[in-house]
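# sequence and predicted structure below; questions after.
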Amino acid sequence: MTSSSPVDNILKYFGELVNEFEQVLDKKAAAKPAGQTYTVIKGDVLWAIADKFDTTTAKLVELNDLKNVNFILEGQTLVVPAVTK
């Protein structure tokens with residue numbers, strides 16, 4: 001019978017963690033609503049982006065899991081509802 005070294009056990013444990021993390025990411029990606037994306041530019045504010053895409057700040061917060069409506073970053077990619085005009 002062969003015994004595993006502590007390093008082998010650690011590597012196995014981290015491999016299992018990575019697999020679980022990938023499964024969570026896959027589920028989150030599948031749950032994302034269909035839409036399009038918008039890349040934040042310097043000077044953007046969430047309410048103006050919402051207005052541009054005929055939606056609400058609340059909807060953008062929900063779609064992007066934003067924690068603070070006053071904190072978006074230049075270069076950040078936001079999911080926005082598809083414009084149906």
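Yes, it's here. Numbering: from 1, shown residues only.
# going forward, measure contacts and count neighbours with C-alpha atoms only.
Noted.
# helix/strand/coil for residue 9?
When classified by DSSP: H, G, I helix; E, B strand; the rest coil, residue 9 comes out as helix.
# burial measure for it, as a count.
11 (other CA atoms under 10 Å).
# that one and residue 20: what is the separation?
17 Å (CA to CA, to the nearest Å).
# domain map for the protein?
Domain ranges of the chain: 1-31, 34-85, per automatic domain parsing.
# now the last one: mean pLDDT?
For domain 34-85, mean pLDDT is 91.
# repeat that for stretch 11-30.
78.
# check the secondary structure at the closest residue to residue 66 other than its chain neighbours for me.
Excluding its sequence neighbours, the residue lying closest to residue 66 (CA to CA, 6 or more residues apart in numbering) is residue 60, at 7.9 Å. Under three-state DSSP, the three-state class of residue 60 is helix.
# how many other residues sit next to residue 60?
If you count neighbours by other CA under 10 Å, residue 60 ends up with 21.
# for it, give its distance to residue 73.
Distance, residue 60 to residue 73, using CA to CA: 14 Å.
# again, but for residue 66
11 Å.
# now the helices for the chain?
6-31, 46-52, 57-64 (DSSP state H).
# skipping adjacent residues, who's closest to residue 79 in space?
residue 37 (4.5 Å).
# any idea which of the domains of the chain is most buried?
Sort those by mean neighbour count, taking mean count of other CA atoms under 10 Å, and domain 34-85 sits at the top with a mean of 14.
# mind listing what residue 61 touches?
Shown in contact with residue 61 (CA atoms under 8 Å, 6 or more residues apart in numbering): 67, 69.
# state the distance from it to residue 6.
Taking CA to CA, one finds residue 61 at 44 Å from residue 6.
# can you check residue 75 too?
To residue 6, residue 75 is 43 Å away according to CA to CA.
# just checking, residue 60 touches residue 50?
Yes: with contact defined as CA atoms under 8 Å, residue 60 reaches residue 50; the gap is 6.9 Å.
# just give the nearest non-adjacent residue to residue 75, would you?
residue 40 (5.2 Å).
# what's near enough to touch the one you found?
72, 73, 74, 75, 76, 77, 78.
# ok, residue 39 touching residue 80?
No: between residue 39 and residue 80 there is no contact under CA under 8 Å: 10.1 Å.
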